[in-house]
Each structure stands twice: as structure tokens, then as C-alpha cells.
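> requesting a structural model of the entry that follows:
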Amino acid sequence: MPDGTRQLQSFPGTCGTVTRTGTSRSDTDRPLISVITVCRNAAATLQNCITSVMEQSYAPIEHIVIDGASTDETGAILARNASRLALVVSEPDRGLYDAMNKGIARARGEFVFFLNADDTFASRDALRDAMAEIARQPEADVYYGALEIRSAQGRMVHVPPPPDQAEEEMVLGCLPHQATLARRAVFDRTGPFDLRWRRHADYDWWLKVMADPALRLAQIDTVIGSFAMGGASSDLAKGQPEVFAIQNASPIYRSEAWDRRRIDLFQKAWLEARIEASRLREELAAPRGALPASGRSLRQWLVQNLPRPVLNLLLRIKRRLAGRNASGG
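Numbering: from 1, shown residues only. Model (predicted):
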């Protein structure tokens, strides 16, 4: 990364409980990775997350946990795992990205990796394999791999496109921060996550990285994280307006060529959703016994089996029809 990067001066300080607990798992011959976990009331999943970090075959790792003053058993879990954690901060915060900024400010590693409390690494060798890939292409600043996605329908692996297609990917999607290793110095250039964006500040950060000609992206052939669907950023109705606002303001997309390309991509996505909705109507017209898992309501089956864009399209149609009925139209 080039010299002359900005110094971090706007990362948040601390006024709550900060505990330097255990020690980092050390190996002086390899780069230190700061694994940052932010949480609040995460007792149901936090232990699995911590165990996943401890079981990594790679060293050195420091595991930093930023807890937003949890009121459940999160504190007790952190206390039981004190020897496994490099640092614990427990205090109120202004949301997910404020907590992530606190973690960055305290990270000592050459690389930073964010592992949410309900996520894990995809395997015990995930970081070992990722760092071996990075060693083969050390010139980049931000590295991303593949992501395992867990949902009610099971598990799948999402393989993002290569860097030369990243800008197009960001129009309708996002590169996976749950499978990304960034050099700590990258945040000296981008600054902290922008707290104006409560749900998609990571999307904003990605566009800042791509817009900076001094920063280099690289893809690695490793499934790194295992992501549980259903978090704050998975709520399309609340989060998508933020994504559009961030995208429209990005210098990457301020051109007539990108205006045309984005329209093409949105139209294609709209058509695919319409086709899927049409297919769904045909399936729903089939005999009642054709629906799987008898005993569940149709609503439950739809929620658990339909792609999120199709569900949102059906909800919009339902609201439109309800408005017409209410007006007598």
C-alpha cells in the first residue's frame, strides 16, 4: 500500500469497561490477524463464534469482542472465555458500525477480519488457507473469498465475481465482508465506517475502497466465513433505501454509461422476478397436496421457500390490491 495514508483520528474512544483478557495466539513468522466480533445480547450464538476462532489452525490471531452492554448471558460467556480473548470492550454504542469502529481502533493485526456473533469460520483451516492464498499474491490490500450461507433452506456457498466485475456486482449485490481480509492500513485511507448508514455502512466502505485507485482488490479461492441469514443487513425493506442512496452518491457510478448499465441491470432483475412470480402462481394453482410439509400454513411455506426478492414483490402486490379494495376500486 502506498505511503502517505491518512492517520486514524476519528475512531471512537472508550468510556465503558475495557478488559485486556487473554493473549494473542502468536507465531512471529506470520502476520497477525485481528478477528473482531461485535455483539449485543448474543448469548444464543456467541460461544460457537468464539470456539470457531479458537479452533483455527492458523496463528497468530487476536480475538477482539466489542459488546454493546448486553443484558442477557453474553457477559457470563465472555467471562468464561477470558483466556481465549485478546480484548473485551463492554459499553453502550450507537449501533453495529460504531462497535465495529471501536474494534478497528484497537486492532493490532496487519489484517482485520469481522466475524459477527452469529457467524463462524467455514472450517478450522479457513484462515490458514486464506493466508496461504494471500502469500501467493501479496501486492493487494483487500482480499475476499467465498462465503457459506446458512438459512432455513440449508447451506449454500456464494462465490463472488472477480475484481474486474466487482463494480457491476455492487449494483444489485455486495462483496461479502464476512469473507474479507483487509489490511489494517486500508482503514487509514477509507476512515471508519460512516455512522449515517445504520444498516449498510459496509456497502459504503466497499465503494470507497473501489473508488480509491491506491487500493488493490484480490480474490482468493477459499471459503472463509459461514454467515447466518436474518441479521439487520438482511432486512431488504429497511436496508435497500440506504444502498440506493450510497450507490447514487458514489463517484464510481456518476456517468451516463453507468446510468444506462444500472438501468439494464435493474430491468433484468425486475423481469426475472416477474417470471419467478408467474411460475409461483402456476405452482400455487396446483392441487393443495402438492405443497410440501403438510400442516404448515401457506404463508409459512412461502416465507421459508421463496427467494427474498420474490417475497417482497408479492408483498408489494398484496399491499397494492389492499389499497384498491379499501378505496372501492
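
> what average pLDDT does the longest strand belonging to the chain get?
Longest strand of the chain, by residue count under DSSP state E: strand 217-228. What strand 217-228 shows for mean pLDDT is 96.

> could you do stretch 130-139 as well?
Averaged across stretch 130-139, pLDDT comes to 97.

> do the same with stretch 157-167
Stretch 157-167 comes out at a mean pLDDT of 97.

> and if you look at stretch 50-70?
On average, stretch 50-70 scores 97.

> for that stretch, buried residues please.
Under the neighbour-count criterion of 16 or more other CB atoms under 10 Å, stretch 50-70 has 50, 52-54, 56, 58-68, 70 buried. To be clear about C-beta, it is placed using only N, CA and C from the backbone, and glycine gets the same treatment.

> same question for stretch 65-84.
For stretch 65-84, by 16+ other CB under 10 Å, it's 65-68, 70, 73-75, 77-78, 81, 84.

> repeat that for stretch 177-189.
Under the neighbour-count criterion of 16+ other CB under 10 Å, stretch 177-189 has 177-187, 189 buried.

> so where's the longest helix in this structure?
Counting residues, the longest helix found in the chain (DSSP state H) is helix 256-284.

> helix or strand for Asp93, which one?
Of the helices and strands defined by DSSP states H and E, none includes Asp93.

> next one: it from Pro31, what distance?
Per CB to CB, to the nearest Å, Asp93 is found 28 Å from Pro31.

> ok, now Ile50?
Separation of Ile50 from Pro31 (CB to CB): 22 Å.

> got it, and Arg108?
Computed as CB to CB, the Arg108 to Pro31 distance reads 11 Å.

> these two: who's more crowded?
Set Arg108 next to Pro31 and count neighbours by other CB atoms under 10 Å: Pro31 wins out with 17 against 12.

> excluding its backbone neighbours, what's nearest the more buried one?
Nearest residue to Pro31, sequence neighbours excluded (CB to CB, 6 or more residues apart in numbering): Glu110, at 4.1 Å.

> who's in contact with that neighbour?
Neighbour list for Glu110: 31-33, 183-184 [criterion: CB atoms under 8 Å, 6 or more residues apart in numbering].

> from the residues you listed, which is closest to Ala126?
Relative to Ala126, the closest of the contacts of Glu110 is Ile33; by CB to CB it sits at 11.0 Å.

> so what's that closest one scoring on pLDDT?
pLDDT, read off for Ile33, is 98.

> can you check Leu306 too?
Predicted confidence (pLDDT) for Leu306: 63.

> cool, and Gly231?
Gly231 is assigned 55 on the pLDDT scale.

> repeat that for Gly154.
Model confidence at Gly154, expressed as pLDDT, equals 86.

> partner residues bridging it?
Listed beta-bridge partners, Gly154: Ser151 (assigned using DSSP bridges).

> quick check: it vs Pro160, distance?
Counting by CB to CB, the gap from Gly154 to Pro160 is 20 Å.

> neighbour count for those two, which is higher?
Between Gly154 and Pro160, Pro160 has the larger neighbour count (other CB under 10 Å), namely 19 against 7.

> for the nearest residue in space to the more buried one that is not next to it in sequence, which three-state class applies?
Closest residue to Pro160 apart from its sequence neighbours, by CB to CB, 6+ apart: Leu175 at 5.4 Å. Here Leu175 is recorded as coil under DSSP: H, G, I helix; E, B strand; the rest coil.

> my read is that Leu175 contacts Leu207, right?
No: contact between Leu175 and Leu207 fails when scored by CB atoms under 8 Å: they sit 10.1 Å apart.
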